[in-house]
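Colleague: sequence? don't have it. structure:
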């Protein structure tokens with residue numbers, strides 16, 4: 001068996017700093033969204049819906065776009081539908097598919113939450129970066145996402 005490539009001191013420092021950064025970003029964003037009556041998962045669903053043509057998407061496309069599997073998207077959409085934030089319906093072009101639409105209440109919730117959300121993202125992350133940092137961090141994030149591959153890709157397993 002091959003010996004693991006253990007982290008050296010600098011790599012470990014970076015990894016631990018990255019983990020702390022990710023957690024503190026999550027806490028800041030979760031707190032701001034909670035004040036607006038939404039969870040981060042709600043925002044993950046509402047944002048692409050609010051930006052889509054007609055504020056409607058096929059469930060499988062929404063899931064793939066946000067990196068969720070079929071089970072997670074189905075359960076979360078059910079909860080959001082019960083709260084009046086989204087509505088689901090059958091797909092007109094494919095009887096096996098499901099469409100999800102942003103409701104007036106969902107639109108009102110994301111419209112109210114978005115200014116605070118972007119202000120939080122700016123305050124805790126973007127305002128801490130100079131233009132070169134922004135370019136480098138974007139390139140790093142895109143490389144990591146590409147290498148991680150299917151770990152961030154929804155497994156739809158069907159037409160939903």
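Modeller: Received, thanks. Quick caveat, the model's predicted, so the values are computed rather than measured. Residues are numbered from 1 along each chain as shown.
Colleague: which residue is nearest the middle of this structure?
Modeller: For the chain, the residue nearest the mean C-alpha position is residue 44 (4.1 Å; Cα atoms, centre = their mean).
Colleague: ok, and the closest non-adjacent residue to that residue?
Modeller: Counting by Cβ to Cβ, 6 or more residues apart in numbering, residue 44 lies nearest to residue 66, which is 4.9 Å off, once chain neighbours are set aside. Every C-beta, even on glycine, is put in place using the N, C-alpha and C of the backbone.
Colleague: Tell me the spacing between the one you found and residue 48.
Modeller: 7 Å (Cβ to Cβ, to the nearest Å).
Colleague: and residue 129, what does it touch?
Modeller: Listed by Cβ atoms under 8 Å, 6 or more residues apart in numbering, the contact set of residue 129 reads residue 137.
Colleague: Ramachandran coordinates for it?
Modeller: Dihedral pair for residue 129: phi -110, psi 140, per degrees, to the nearest 10.
Colleague: any idea how far residue 138 is from it?
Modeller: Using Cβ to Cβ, residue 129 is found at 10 Å from residue 138.
Colleague: overlap in contacts of those two?
Modeller: Joint contacts of residue 129 and residue 138 (Cβ under 8 Å, 6+ apart) do not exist.
Colleague: Pull out the buried positions in the longest helix along the chain.
Modeller: If each helix of the chain is counted by residues according to DSSP state H, the longest one is helix 9-35. For helix 9-35, a neighbour-count test (16 or more other Cβ atoms under 10 Å) marks 29-30, 32-33 as buried.
Colleague: Where does the residue nearest to the centre of the chain sit, in terms of helix or strand?
Modeller: helix 40-51 (DSSP states H and E).
Colleague: Output the contacting helices and strands for that helix.
Modeller: Counting contacts by 3 or more Cβ pairs under 8 Å, 6 or more residues apart in numbering; DSSP states H and E, helix 40-51 packs against helix 9-35, strand 56-58, helix 59-66, helix 70-82, strand 86-90, strand 98-102, helix 104-124.
Colleague: List the buried residues in the fourth one.
Modeller: What that stands for is helix 70-82. Buried, per 16+ other Cβ under 10 Å, within helix 70-82: 70, 73, 76-77, 80.
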